[in-house]
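*Asks:* Return a 3D structure for these sequence lines:
(chains A and B)
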Amino acid sequence: MNTLFNILIDGLAYGMVLFVIAVGLSVTLGLMRFVNLSHGAFAMVGGYCAAWLTREAQWSFWLAVPLAIAATGLLGAVLESLVLRHLYRRKELDQVLFTIGLSFVLIAATNAIAGPQVQLITLPPLLAGSVDLGFRTLPAQRLLVIAAGLAVAAAAAWTVARTRFGVWLRAAVDHSGTASTLGIPIRTVQCASFAAGAALAGFGGILGAELMPLEPYYALKYLVLVLVVVAVGGMGSIAGSLAAAVLLGTIETASRYLASEWGSLFFFVAMAALLAWRPHGLLKR
Amino acid sequence: MNPIRRTVTCALLAASGLALASTQALAQNTAVKVGVVGPFSGPFAHYGALFKAAAEAYVTSQGGKLAGKDIEFIYRDTGGPNPGQTKTLVQELIVKDKVDYLGGFVFTPNALAVAPLIQQSQTPTVIFNAATSAITEKSEYFIRTSYTLWQVTVPIAQWAAKKDMKKVVTAVTDYGPGIDAETAFKAEFTKQGGAVVESIRMPIATTDFGPFVQRIKASGAQAVYTFLPGGPPNLGFVKAYNENGLAKAGVQFLGTAETDEFDLQKFGDSALGLTTAFHYSGAHDSPENKKFVDALKKRDPAAVANYATVGAWDGMYVIHKMIEATGGKKDGAKALATARSLQWESPRGPVRIDAKTRHITQNVYLRKVERATGQGGQLVNKEVQSFGPHGDYGLDAK
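*Replies:* I've put the predicted structure just below:
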């Protein structure tokens, strides 16, 4: 019984980290139809910024995190308006090759600037400790991750489905010609959406740093996990990504409790089974 | 081919030929060539940088020459565990560059791949890091100045038994060295009358260590013996160990290289009190170690005194003595005869090369992580007890 609770709570925390990193990719990949394999690199940039601000500049965690997220979003916006926008109309293979190349550039840059060591984000005392849940103790940081994951899911879903911006985004992607004749500022919408995706990646990188430590090869190391979540969740579906992340996170955690000698086998078997059952995503028919 | 291009090609060929001839001429006259093989790019590039810093620091500390000979280092990048490429690189070093000595090797498979080459060419090869017991059996030209997992694990298993620990869990990363560590601990701890109640093998791609730590807690063991590859997994495991309340519940942490100086400062307070058994600590209190740390810092302020740098430093000492014995001439057999009987005071304490296994016999220390009083309150591996000299038990166990 205790093991079951442990699996559920650890699985939820792990799934939420996967979700926060994956949701930005789901937005750019699914809604903008842009194959962005440099997503992991944006998560890394966000994490490194937060680590630098909290550790070297001695900023408060609560101040450093919004700034690091904003910086990542800004980097996303700059790259989008200078380079990436020329790729929207190119073939998918071009997009894949370019963004993978971009990841390598960012990897080399982080390695040159910060060195090969692992970077840690200094947590405030409130988060650095652990919380006693009665049946077990849990790192306090994990509770923040769970709360933040739910908040991000709600905010992103609301923005895409309910706000004017969301309407513009969907219109701009599906019928860009029509959308621009209707007076929708397509370039602004594309740029802002990409920046938002990058900022979400940065947030995920910060929140997930305890589970996926920040190091130069971060960008490629965890990309597979993120892609799996987006694929299983269905591209562009925020609720689907959430469901996929929590489900896969729980399966991975359960295999660690019950059958760790099998490695990540269950994670990938689950992925294959879910994709066979729902090829377009968990929540799509 | 048009005339201009032909001229350019000819000129280039002639120039490269000249360059080749001149380096060869230079080598015949003076310098002893040492090929250093390790990762200089990619996720493990820091090992290469540390080897380089320590090897060059050693030569500088001897006044720039070893036994009156100039030393020419030739660095070759393996990238990571890549036996095929390592073999090609070493073949080039031996055949084309005509190196007199080889050093380096972070990964066991890379070291094993070159065994036939060094055996045939009789090139003395000093292993600065790779820690699997079986390596030195593969060629009689291997000498090792690092350590093996058996060497550092057996003493801590004995210590745990002596401290009245009856039930211990082993939690190791599921790959070669991890399995080695698990086998070594189990074998010795059971021999001493203890019981390993659970053996957890953690997949190498693991990022979330929470579940494993919960299993350790649930097993009711008094201690956990762990082995993890360096870097991110160490941090993740130690954080999970603390934050899930294992330290508070009194489950003792037993490890080996987990509190490596290269990453130690990143742990913060969560590392305080971690207990490990290892052959070297950056905080080892001796004049030799002080000299080593100073020389290293002078060469490269970013370099860290840890097992990789001390392995390379002592490796260069062995090469130094071999050059001395052969007068700088290429004589593998004579060099090896010297190396087999070496005995010296290393930054890690008194050491000697075991004549039979060509592996370093050295003191193993019990260490606890503490905050140093000086040095800006840095975390250090404080040596609290010496287990005395230990050889490699891995070769005996087979």
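*Asks:* With adjacent residues omitted, what lies nearest to residue 59?
*Replies:* This is for chain A. A:L53 (4.6 Å; CB to CB, 6 or more residues apart in numbering or on different chains). (Each C-beta comes from the backbone N, C-alpha and C, glycine too.)
*Asks:* could you do chain B instead?
*Replies:* Spatially, and ignoring its direct neighbours in sequence, B:V59 is nearest to B:I71 (5.2 Å; CB to CB, 6+ apart).
*Asks:* So the one you found lies in a strand, does it not?
*Replies:* Yes. Under DSSP: H, G, I helix; E, B strand; the rest coil, B:I71 sits within a strand.
*Asks:* Report how many residues lie close to the residue nearest to A:W59.
*Replies:* 21 (other CB atoms under 10 Å in any protein chain shown).
*Asks:* Now for it: which residues touch it?
*Replies:* A:59, A:63-64, A:67-68 (CB atoms under 8 Å, 6 or more residues apart in numbering or on different chains).
*Asks:* ok, the nearest residue in space to B:T132 that is not next to it in sequence to B:T148 distance?
*Replies:* Residue nearest to B:T132 in three dimensions, not counting chain neighbours: B:T108, with 4.1 Å by CB to CB, 6+ apart. Remark: distance between B:T108 and B:T148 (CB to CB, to the nearest Å) = 10 Å.
*Asks:* Check the contact lists of those two and give me the overlap.
*Replies:* With CB under 8 Å, 6+ apart, B:T108 and B:T148 have common neighbours B:131-132.
*Asks:* So which of the two has more stuff around it?
*Replies:* B:T148 (29 against 21).
*Asks:* dump the residue contacts of the most centrally placed residue in chain B.
*Replies:* The residue lying closest to the centre of chain B (CA atoms, centre = their mean) is B:N129, at 2.3 Å. By CB under 8 Å, 6+ apart, the contact set of B:N129 is B:38, B:47, B:51, B:104-106, B:146, B:307-308, B:311.
*Asks:* Unless I misread the structure, it falls within a helix.
*Replies:* No. B:N129: not assigned to a helix; according to three-state DSSP it is coil.
*Asks:* Against A:D132, how distant is it?
*Replies:* In terms of CB to CB, B:N129 sits 42 Å off from A:D132.
*Asks:* same check, this time on B:W344
*Replies:* From B:W344 to A:D132 the distance is 53 Å (CB to CB).
*Asks:* Point out the residues in chain A that sit beside chain B.
*Replies:* A:2-3, A:6-7, A:10, A:13-14, A:111, A:115-120, A:129-130, A:132, A:136-142, A:210-213, A:215-217, A:222, A:252-253, A:256-257, A:260-261, A:263-264 (CB under 8 Å from any CB of the partner chain).
*Asks:* From those residues, list the buried ones, please.
*Replies:* Buried members of those, scored by 16 or more other CB atoms under 10 Å in any protein chain shown, are A:6-7, A:10, A:13-14, A:111, A:116-120, A:130, A:136-142, A:210-213, A:215-217, A:222, A:252-253, A:256-257, A:260, A:263-264.
*Asks:* can you tell me which of those residues are in strands?
*Replies:* Using DSSP state E, the members of these that fall within strands are A:130, A:137-139.
*Asks:* ok, which pair from these is furthest apart?
*Replies:* A:T137 and A:P139 (8.1 Å; CB to CB).
*Asks:* Now list whatever residues contact both of these two.
*Replies:* Common neighbours of A:T137 and A:P139, counting by CB under 8 Å, 6+ apart, are A:130-131, B:243-244.
*Asks:* Report how many residues lie close to B:K291.
*Replies:* By the criterion of other CB under 10 Å, B:K291 has 12 neighbours.
*Asks:* That one contacts B:S61, doesn't it?
*Replies:* Yes. Using CB atoms under 8 Å, B:K291 is in contact with B:S61, at 7.1 Å.
*Asks:* which parts of chain B sit against chain A?
*Replies:* When proximity is defined as CB under 8 Å from any CB, chain B approaches chain A at B:42-43, B:45-46, B:174, B:200-208, B:210-212, B:214-215, B:218, B:231-232, B:235-236, B:239-240, B:242-245, B:248, B:262-263, B:266, B:268, B:302.
*Asks:* give me the element whichever residue of the stretch 51-200 of chain B sits closest to chain A is part of.
*Replies:* Chain A sits closest to B:I200 of the stretch 51-200 of chain B, with a gap of 6.1 Å, by CB to the nearest CB. In the assignment (DSSP states H and E), B:I200 maps to strand B:195-202.
*Asks:* immediately after that strand, which helix or strand?
*Replies:* Past strand B:195-202, the next helix or strand by DSSP H and E is helix B:210-218.
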